[in-house]
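*Asks:* here is a sequence together with a model predicted from it:
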Amino acid sequence: YPGWSAVVQSWLCRRHAGTENQGAKRNESKRNFVLLHYGLNQISAWNNRKERQRTCSSKKSGWERSSHCSRKGRLVTKDLVDTLGATPVTLRKDLLLLEKRGLLKRTHGGAVKVKQLYPGLALNEKEKINLEEKMRIVRKAAAFISEGDTIILDAGSTTSLLAKEIKGFKRLVVITNALNIATELSNTSIEVIMVGGSLLKKAATLVGPLADEALRRVSADKLFMGVGGIDFRVGLTTPDINEAKTSRVMMEAAGEVFLLVDSSKFGRRSLGVISDVKHIDKLITTKRFTDEEFRSLLTDKVEVYMV
């Protein structure tokens, strides 16, 4: 399975260390990994590729039925029996084990995902995740930037890639609080305005009251931002509350707000709430929305660009 996370691999290795039956170990390892994938969306990029490959046939395969369960946030035991080649008794044991580890909550006939806050990752770790999706997003975002624009680039892995994409511009002003973005653009013709503040080392970004005050004294045509997670009820979130406040001030300083997010960010929540979804002007994403999600975005007057 493409995209195995180091955490899942490590857990599975410890789970099966010391057992004698290698065939059973491989089968159970596969089964537990798939349960983790479906219940917790560990490999959203792979899941989205499978989703795009679905046909219009009314007869769905076991994998498609299970992917449907994943999007609903629920596992149904009877739907997994044929898919994983395991008995209901064995699956219930696996679900019990995963529940004890706090990864899901069992219900009658299956299990549901545990809605835990996303703690975030260091910038160098985020840069390696869903890179192909992020590049599609970046190329689309760059098409909205013109010579003579003044733009704000918020900190993040996707906006860092956008900074690389626009290095050829000659008449552009970029306001940013991201150390790596300022460094990336330092040897170009682009004018860079660096926002001061307190260093958030994990994200290589400057936040807090000093950053907020500096941003209140500038105005920009467009803001390009990423977030830790998007929940249609809670809104846009990020793990650090000070970073959330600084991102909110950036939104106030820009004439137009572009949100750049890959599919893995949806349904995820973090500690700091930045704003409601309705404050986004344009959303560029690889996410394939349900009818209900589209209606919500339409109600909020968000322009959606799926790449």
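*Replies:* Nice, I can see it.
*Asks:* what mean pLDDT does the longest strand seen in the chain have?
*Replies:* Looking across the chain with DSSP state E, the single longest strand is strand 254-261. Regarding strand 254-261, the rounded mean pLDDT is 98.
*Asks:* buried sites along it?
*Replies:* Buried residues in strand 254-261, counted by 16 or more other C-beta atoms under 10 Å: 254, 257-261. (C-beta placed from N, C-alpha, C; glycine too.)
*Asks:* if Ile284 is in a bridge, with which residues?
*Replies:* Leu260, Tyr305 (DSSP bridges).
*Asks:* which residues touch it?
*Replies:* By C-beta atoms under 8 Å, 6 or more residues apart in numbering, the residues touching Ile284 are 137, 140-141, 258-261, 305, 307.
*Asks:* tell me the helices and strands packed up against the following helix or strand past the longest strand of the chain.
*Replies:* For strand 254-261, the following helix or strand on the C-terminal side (DSSP states H and E) is strand 272-275. Here strand 272-275 touches strand 235-238, helix 241-253, going by 3 or more C-beta pairs under 8 Å, 6 or more residues apart in numbering; DSSP states H and E.
*Asks:* quick one: contacts of the shortest one?
*Replies:* Going back to what we said before, that points to strand 235-238. 118, 120, 227-231, 244, 247, 259, 268-277, 280.
*Asks:* can you rerun that using 6 Å?
*Replies:* 227-230, 244, 269-270, 272-277 (C-beta atoms under 6 Å, 6 or more residues apart in numbering).
*Asks:* now the buried members of those residues.
*Replies:* 227-230, 244, 269-270, 272-275, 277.
*Asks:* now, which of those residues sits nearest Ala211?
*Replies:* Of all these, Ala244 has the smallest distance to Ala211: 12.1 Å, by C-beta to C-beta.
*Asks:* verify the contact between the closest one and Ser270 for me.
*Replies:* No. Assessed by C-beta atoms under 6 Å, Ala244 is found out of contact with Ser270, at 8.3 Å.
*Asks:* pLDDT weak spots in this protein?
*Replies:* 1-74, 99-104, 114 (pLDDT under 70).
*Asks:* mind running it again at 90?
*Replies:* Residues of the chain that meet the criterion pLDDT under 90 lie in 1-129, 202, 264, 267-268.
*Asks:* all helices of it, in order?
*Replies:* 6-16, 22-40, 44-52, 62-72, 77-84, 88-100, 123-126, 131-142, 157-165, 179-184, 209-216, 241-253, 291-299 (DSSP state H).
*Asks:* among the helices and strands packed on strand 272-275, which comes closest to Arg217?
*Replies:* Per C-beta to C-beta, nearest to Arg217 of these: helix 241-253, 8.9 Å.
*Asks:* what's the nearest residue to Ala214 if we skip its chain neighbours?
*Replies:* Val195 (4.8 Å; C-beta to C-beta, 6 or more residues apart in numbering).
*Asks:* distance of the one you found relative to Ala178?
*Replies:* 9 Å (C-beta to C-beta, to the nearest Å).
*Asks:* so how far is Leu179 from the residue nearest in space to the middle of the chain?
*Replies:* For the chain, the residue nearest the mean C-alpha position is Lys265 (2.4 Å; C-alpha atoms, centre = their mean). Distance, Lys265 to Leu179, using C-beta to C-beta: 22 Å.
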